[in-house]
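**Student:** Build the 3D model from these lines:
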Amino acid sequence: MPSPADSTASVKGLLRRFRRSRGGSAAVEFALVAPVFFALLFAIIETGIVFFADQALETVTQNSARTILTGQTQNSGLTLAQFQQNVVCPQIPATLFNCNNIFIDVESYSSFENIALTSDIDSNGNFPAVPLQFNPGGPGQVVVVRMFYKWPLYVTGFGYNVSNLAGGNQRLLYGTAAFQNEPYP
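**Tutor:** Residues are numbered from 1 along each chain as shown. Reported below is the predicted structural model:
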């Protein structure tokens with residue numbers, strides 16, 4: 001039967017050998033660093049995609065607003081649904097947005113001084129906070145065109161959350177164009 005001194009000596013020897021061994025240190029270090037590294041990597045990628053999508057929506061807004069600026073929308077008598085399907089949807093980059101989920105707000109004013117835009121997200125994080133309108137105005141009127149899209153977020157579970165809507169897993173993207181309509185016939 002081994003003595004207690006022998007078992008203590010063998011445990012000390014085992015711990016000494018474990019401490020000196022470097023065979024699995026890279027795997028252990030990677031296991032400690034990998035979650036933080038991948039969380040940071042995915043957060044950077046998602047931020048880049050959100051910025052790209054926001055810029056794409058801004059471009060679609062500017063290009064679509066041009067048809068209102070020149071009077072093409074008003075002369076054609078387009079409704080909101082027709083404006084969205086005939087003007088906005090064809091400009092969306094391939095599969096970036098679901099066209100049916102783009103919210104459009106077009107309001108006209110008599111002058112730039114009369115523009116009064118409120119937040120579109122209420123205090124509880126809900127959108128839209130105010131009813132959206134479609135009033136492209138007439139010749140010479142000031143018009144503000146805004147488009148919104150609820151962009152889904154995926155990296156929020158890693159502690160990185162850029163959400164601005166209730167629920168914490170969507171970000172409201174928006175594009176805005178403000179201009180004075182041309183004196184079209």
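
**Student:** any idea of the mean pLDDT for the longest helix along the chain?
**Tutor:** As assigned by DSSP state H, the longest helix anywhere in the chain is helix 25-69. For helix 25-69, the mean pLDDT works out to 92.

**Student:** got it, and stretch 142-157?
**Tutor:** For stretch 142-157, the mean per-residue pLDDT is 91.

**Student:** Return the set of buried residues in stretch 150-167.
**Tutor:** For stretch 150-167, burial by neighbour count (16 or more other C-beta atoms under 10 Å) applies to 150, 151, 153, 155, 156, 163, 165. Every C-beta, even on glycine, is put in place using the N, C-alpha and C of the backbone.

**Student:** what's the straight distance from one end of that stretch to the other?
**Tutor:** 12 Å (C-alpha to C-alpha, to the nearest Å).

**Student:** And for that stretch, what's in contact with it?
**Tutor:** With contact meaning C-beta atoms under 8 Å, 6 or more residues apart in numbering, stretch 150-167 is reached by 39, 42-43, 46-47, 50, 53-54, 101, 121, 124-127, 168-173.

**Student:** circling back: which residues belonging to the next helix or strand after the longest helix of the chain are considered buried?
**Tutor:** Per DSSP states H and E, the first helix or strand lying C-terminal to helix 25-69 is helix 72-76. Judged by neighbour count (16+ other C-beta under 10 Å), helix 72-76 contains these buried residues: 73, 74.
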